[in-house]
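Peer 1: Sequence and computational prediction follow.
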Amino acid sequence: MGWSILADAVLVLHGVFIVWATFGALAAWRWPRLAALHLPALAWAVWVEATAGLCPLTPLEMTLRLRAGQGSYPGSFIDHHLGALIYPQGLTPAAQWRIALGLATFNLALYGLIGWRHVRRRRMR
């Protein structure tokens, strides 16, 4: 039972990381110092997606599930848990490139707005 709880905790952590990497710039909009935490997470997420890599949390979750006597699953976290919602036929390298590009573009636009707002406030002083 303990291994199962740990596997579920890793699953939740993985989901939280994905949300943070995707939308952390929105938090940085309100609290600019959070950018120091968000930018490394964003860089990691873009790199993993662009290289069709595997996040270390995925094998950790699988190992914990196996120790709990549960089954494992092939592929990545996103493919297994979100693939059916986003890409019904599976997560392909081309799809991962699109995700990486979208993730980078979305966050670049938000950080551009944050920078513009910062410059504008300085000029008003």
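Peer 2: Looks like it arrived, so ask away. These numbers come from a predicted model, not from an experiment.

Peer 1: Longest helix in the chain, please.
Peer 2: Ordering each helix of the chain by length in residues (DSSP state H) puts helix 93-124 first.

Peer 1: What is the least confident helix or strand in this structure?
Peer 2: Every helix and strand in the chain was compared by mean pLDDT, DSSP states H and E; the lowest is helix 83-86, with a mean of 54.

Peer 1: And the residue most central in space within the chain, which helix or strand is it part of?
Peer 2: Among the residues of the chain, the one closest to the centroid is I18, at 2.6 Å (Cα atoms, centre = their mean). Element membership for I18 (DSSP states H and E) is helix 2-30.

Peer 1: before we move on, what about T58?
Peer 2: The secondary structure element spanning T58 is helix 57-67 (assigned by DSSP H and E).

Peer 1: what's the residue lying closest to R117 once chain neighbours are set aside in contact with, if anything?
Peer 2: When the adjacent residues along the chain are set aside, R117 lies closest to W29, with 7.9 Å between them (Cβ to Cβ, 6 or more residues apart in numbering). C-betas here are computed from N, CA, C, even on glycine. Listed by Cβ atoms under 8 Å, 6 or more residues apart in numbering, the contact set of W29 reads L110, L113, I114, R117.
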